[in-house]
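> Fold the following, please.
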Amino acid sequence: MPADKPDQPGSPDIRIADHEFRRFRDFLYRRTGIVFGDAQRAYVERRLADRILAAGSRGFSEHFARLLVEPDELERLISAFTVNETYFYREDYQLRCLTSTLLDRITARKRRGQPIRLWSVPCSTGEEPYSIAIWLLENWPHVDSWDIEIVGSDIDVQALKTAQDGVYSERSLMRLSRPLVAKYFTALDDGRYRIDEALRGSVQFSQVNIIDQGDTGLWRDMDVIFCRNVLIYFDDMARRTAANNLYDSLTPGGYICLGHTESMSRISPLFHVCRFPEAIVYQKPGEGGHD
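Got it, this is the predicted structure:
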């Protein structure tokens, strides 16, 4: 998701002209789907100027040209425009819905040996996919009877590196009970916590831009997709593109969970609305029927 947007001026050493701001804004939108309006210009200029200076470019024109041919610098710039503040067991009512309702319906139509595929996208720094793994171990008695694949994906490669490292602050663990922390984490000397090695190995991480069909097309037959608190930062066209891509990644009868302020009904007519006691989720029609 985009970073916070403090209203502070850009670096005094780097000046961004009006046409450069518009060009960069359009470029970032095409690459990420993130929309920045004129009201966020000071924020965009500050982040962009910081990146230009850090990369050693002499100005906007030089740096923009580098973005077109240097994938590593493009990744660093995208990281500069995203924030990854999340925590374990965030919006856990959806995890409760997963184990109390969704998995029963999913396993009812699967054969033994078929994997259950769960996708967290964007996964930020990994708290969400690891939360799914912990929740299943703690709350789903059939967890050892099924092959469960958990995938975490994000556009931000720096966030993915943090996810793969699996080291978190006390704040990230604030929603977990002390017994859960003791069970699944090891306290480090610097006050942070490292997630259990087996849990770390249970999640597969990958870089994915959800508005890029070439990226999402690599992931198919998902039973449940958690795509929370990101579509609100897109405009209507990017939202529809993301929704269509995620629809294609779901297996027929699969479900998608959005953030509590988001509604698929306002984005795409492709999904059925499923109102369960724990949460509202959206289902791809097909095998398994409409719940």
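
> so what's His272 bridging to?
In this entry, His272 is beta-bridged to Gln283, by DSSP bridges.

> pLDDT value on it, please?
Note on His272: pLDDT of 96.

> repeat for Ile14
Per the predicted model, pLDDT is 81 at Ile14.

> ditto for the one 4 residues further on
Model confidence at Asp18, given as pLDDT, is 91.

> Let me see the ranges of the strands in the stretch 151-291 of the chain.
Using DSSP state E, counting those that start in this stretch, the strands found in the stretch 151-291 of the chain span residues 167-168, 185-187, 193-195, 203-207, 222-227, 250-258, 272-275, 280-283.

> Can you check which of these gets nearest to Phe24?
Checking these against Phe24 by Cβ to Cβ gives strand 203-207 as the closest, at 21.7 Å. All C-beta atoms are positioned from the backbone trio N, CA, C, and that covers glycine.

> re the thing from before, out of the strands of the stretch 151-291 of the chain, nearest to Gly59?
Among the strands of the stretch 151-291 of the chain, the nearest to Gly59 by Cβ to Cβ is strand 203-207 (28.9 Å).

> Give me the contacts around the helix or strand bottoming out on mean pLDDT in the chain.
Sorted by mean pLDDT, DSSP states H and E, the helices and strands of the chain end with helix 71-80, the least confident at a mean of 86. Applying Cβ atoms under 8 Å, 6 or more residues apart in numbering, the contact partners of helix 71-80 are 3, 28, 31-32, 47-48, 50-51, 54-55, 63, 66-67, 155-159.

> Which of the strands of the stretch 151-291 of the chain has the highest mean neighbour count?
Sort these by mean neighbour count, taking mean count of other Cβ atoms under 10 Å, and strand 222-227 sits at the top with a mean of 25.

> And the contacts of it?
Under Cβ under 8 Å, 6+ apart, the answer for strand 222-227 is 94, 98, 102, 106, 116-122, 128, 132, 151, 210, 242, 246, 249-251, 254-258.

> wouldn't Ile52 be in contact with Gly59 here?
Yes - between Ile52 and Gly59 there is a contact under Cβ atoms under 8 Å: 7.0 Å.

> Sketch out the low-pLDDT regions of this protein for me.
1-12, 83-85, 287-291 (pLDDT under 70).

> Can you show me the helices along it?
18-32, 41-55, 60-69, 71-80, 92-97, 103-108, 127-139, 157-165, 178-184, 197-200, 213-216, 236-249 (DSSP state H).

> Show the secondary-structure elements that the first one is packed against.
When you say that, I think you mean helix 18-32. helix 41-55, helix 60-69, helix 71-80 (3 or more Cβ pairs under 8 Å, 6 or more residues apart in numbering; DSSP states H and E).

> right, so those: which one is the most enclosed?
By mean count of other Cβ under 10 Å, those have helix 41-55 as the most buried, with a mean of 19.

> Counting by contacts, list what that helix packs against.
Applying 3+ Cβ pairs under 8 Å, 6+ apart, we find helix 41-55 packed against helix 18-32, helix 60-69, helix 71-80.

> before we move on, back to that, now the least confident helix or strand of the chain - C-alpha only, PDB.
In PDB, the C-alpha atoms belonging to helix 71-80 read as follows (Å, rounded to 0.1, in the frame of the first residue of the first chain):
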ATOM      1  CA  PRO A  71      15.200  -2.600 -12.600                       C
ATOM      2  CA  ASP A  72      17.000  -2.500  -9.300                       C
ATOM      3  CA  GLU A  73      16.600   1.300  -9.000                       C
ATOM      4  CA  LEU A  74      12.900   1.000 -10.100                       C
ATOM      5  CA  GLU A  75      12.400  -1.500  -7.200                       C
ATOM      6  CA  ARG A  76      14.000   0.800  -4.700                       C
ATOM      7  CA  LEU A  77      11.800   3.700  -5.900                       C
ATOM      8  CA  ILE A  78       8.700   1.600  -5.600                       C
ATOM      9  CA  SER A  79       9.800   0.700  -2.100                       C
ATOM     10  CA  ALA A  80      10.100   4.400  -1.300                       C
END
